[in-house]
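Undergrad: Structure, please.
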Amino acid sequence: MASSSSLLRLVFVLYLSLSDSAIQILGLQFGINYGQIANNLPSPSRVATLLGSLNVSRVKLYDADPNVLLAFSNSNVEFIIGLGNEYLQNMTDPVKAQDWIQQHVQPYIGQTQITCIVVGNEVFNDNNTQWMTYLLPAMQNVYLSLSNLGLSKQVAVTTAHSLNILATSYPPSAGAFRPDLAEYLQPLLNFQSQINTPFLINAYPYFAYKGNPSEVQLNYVLFQPNEGLTDPLTNLHYDNMLYAQIDAVYSAIKAMGHTDIDVRISETGWPSKGDADEAGATLENAQIYNGNLLQRIEQKQGTPAKPSVPIDIYVFALFNENMKPGPTSERNYGLYYPDGTPVYNVGLQGYLPELYSAAGTRVLPFFVVLILTKHLEILSTSNQPFRRLQRVYTLRDESPGDYSASTDV
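TA: Numbering: from 1, shown residues only. Prediction:
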C-alpha cells in the first residue's frame, strides 16, 4: 500500500475531485474570526495549515495569543488582534499601553503580519459607563504607543461595535446613533477620521429574524430571492438585510459629520443549531447564509449606497466553540467542527492535518473517510460489500503511525 503521506495526498485529491457541489474559491478576500472559547480545538499550527488550504489570508483574534501569532510566522495571513474590555482601564495609562504593545505586538510583528488592534469589543452594548469613558483614551494611548515604536503605519487602531448603538436603522438613509451615546461616539469618530481607521460593526441579520420571525422575511436575511425593500428617501433597493444595516451605519456616521470613514463588518454569521425558542437556527439556514455571503464577497459587491466599495467582512466563526456561555446557538456558529470536518458545505475546500491518537495512529476526519470510502466503492471490482459507515474504518500500511478513522465524531 502507498506510504502514509502519499495516502493522505491521495485522499485530499480525491476529496477535490469528488466534491461535485464544491466551489473553488481561490484567494477569496474574506476574513474569519478565530475564537478559542473551547477545550477541544486543534493546535494553532494545524489551524495555520487549514487556513492556508482555504486560501484565507485574514484572521481576527479576540486576544493576542502568542501561540497563534508564532504558529503563523512567515505566513501571508494578516491578523487583527484584540485587546479585551478588561484591559481598557490599564490602557488609559500611557506607560501600561506601551508595555502591552512591547509585550504583545513588537516581538511578533517582524514575522507575523499584525495589521490592526481592536481595542475593546461592543463596549457600548453594556451599561458600563466606566468602559465607555475609558475607550477613547485607551485607543489614543495604544495609537501613541505604536507611533512611539514606529509601528503606527503598519498597525491600525479601532474598536468593534454591535448594532445596538443605532437608534434608527430603517430606512438605511435615516440611520442614526443612539442620542445617549453621542458624547462618546462623536469624539471617537473624530479620532478615527484623524488616524484613518475603519469603523467596525458586528452585524447579525439572524438576530433580527430570531426576534421577529413572523415579520422579518427569511429570504431577505438569507440573501435569497425576494422582493426586497426600497428606501423611500433615496429610492435605493435592498435585497438583503446586511447591506441595509451597513448603509444605516454609514448614514449614522454621516449625521455626525463624517463621510471619510469606511464601515467594515468585523463579525457576521448564522448558527447551525439552536434551542427550541431560537427561530431560524438550523444547519440549512447557516449553509444558505454563509454560502450566499461568500458568493457576494467573491463578486466584490458593494452596498446600494456604496456600490463601488466592496463589502469587507470577517465571517463568524472558524470553529464551533463548546465552552461559550448562553443559548445553544452561541456554540454553533462555526464553519468547522474542531476535528476539521465542515459543519456544512459552503464551497470552501480545506484540509486540517491529521490528529494522532493515544495509540500513535493518525485519525482522519470523518468527511475524508466518507470520501475515500466512496472512491473505493467506485474503483472496486469485487462483489464483497463494504462495511456500513456506522462501523470503524481503518487503513493500515507498514509505515509508522498507521492511519485510522472512526465515524464516531
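Undergrad: same for the longest helix along the chain, what does it pack against?
TA: The longest helix of the chain (DSSP state H) is helix 129-148. Based on contacts counted as 3 or more Cβ pairs under 8 Å, 6 or more residues apart in numbering; DSSP states H and E, the elements that helix 129-148 packs against are helix 88-91, helix 94-104, strand 113-121, strand 156-162, helix 182-195. (Glycine included, C-beta is placed from N, CA and C.)
Undergrad: Return the set of buried residues in the first one.
TA: In other words, helix 88-91. Buried residues in helix 88-91, counting neighbours by 16 or more other Cβ atoms under 10 Å, are found at Leu88, Asn90, Met91.
Undergrad: follow-up on the earlier one: and the direction of the longest helix of the chain versus that of strand 113-121, what angle?
TA: 160 degrees (axes from the mean of the first three to the mean of the last three Cα atoms, to 10 degrees).
Undergrad: How far does helix 129-148 sit from its chain's centre?
TA: 25 Å (Cα atoms, centre = their mean, to the nearest Å).
Undergrad: returning to that earlier point: between the buried residues of helix 88-91, which sits nearest Glu321?
TA: Leu88 (23.4 Å; Cβ to Cβ).
Undergrad: can I assume Lys306 is in contact with Ile253?
TA: No. Using Cβ atoms under 8 Å, Lys306 makes no contact with Ile253, being 11.7 Å away.
Undergrad: The two: who's more crowded?
TA: More crowded of Lys306 and Ile253, by other Cβ atoms under 10 Å: Ile253, with 22 against 15.
Undergrad: Please give me every residue in contact with that one.
TA: Going by Cβ atoms under 8 Å, 6 or more residues apart in numbering, Ile253 touches Leu189, Phe199, Thr259, Ile261, Val263.
Undergrad: possible to save the residues you listed as TSV with neighbour count and pLDDT?
TA: Listed next are those as TSV, based on neighbours: other Cβ atoms under 10 Å; pLDDT from 0 to 100:
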residue	neighbour count	pLDDT
Leu189	19	98
Phe199	23	98
Thr259	8	97
Ile261	18	98
Val263	22	98
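Undergrad: out of these, which are inside strands?
TA: Phe199, Val263 (DSSP state E).
Undergrad: returning to what we had before: with pLDDT and distance to Gln29 added, can I get the buried residues of helix 88-91 in TSV?
TA: Formatted as TSV, the buried residues of helix 88-91 follow (pLDDT from 0 to 100; distance: Cβ to Cβ, whole Å):
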residue	pLDDT	distance to Gln29
Leu88	98	31
Asn90	98	34
Met91	98	31
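Undergrad: In TSV, list the helices and strands packed on helix 129-148 along with distance to Gly347.
TA: Listed next are those as TSV, based on distance: least, Cβ to Cβ, whole Å:
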stretch	distance to Gly347
helix 88-91	39
helix 94-104	35
strand 113-121	26
strand 156-162	27
helix 182-195	34
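Undergrad: Relative to His237, which of the ones you listed is closest?
TA: Nearest of the helices and strands packed on helix 129-148 to His237, taken as Cβ to Cβ: strand 156-162 at 26.3 Å.
Undergrad: just checking, next helix/strand downstream of that closest one?
TA: Toward the C-terminus, strand 156-162 is succeeded by strand 166-168 as the next helix or strand (DSSP states H and E).
Undergrad: What are the buried residues along that following strand?
TA: For strand 166-168, by 16+ other Cβ under 10 Å, it's Leu166.
Undergrad: same check, this time on stretch 247-265
TA: Judged by neighbour count using 16+ other Cβ under 10 Å, the buried positions of stretch 247-265 are 247-253, 256, 258, 261, 263-265.
Undergrad: ok, so of those, who is nearest Asn148?
TA: For the buried residues of stretch 247-265, the nearest to Asn148 is Ile261 (24.7 Å; Cβ to Cβ).
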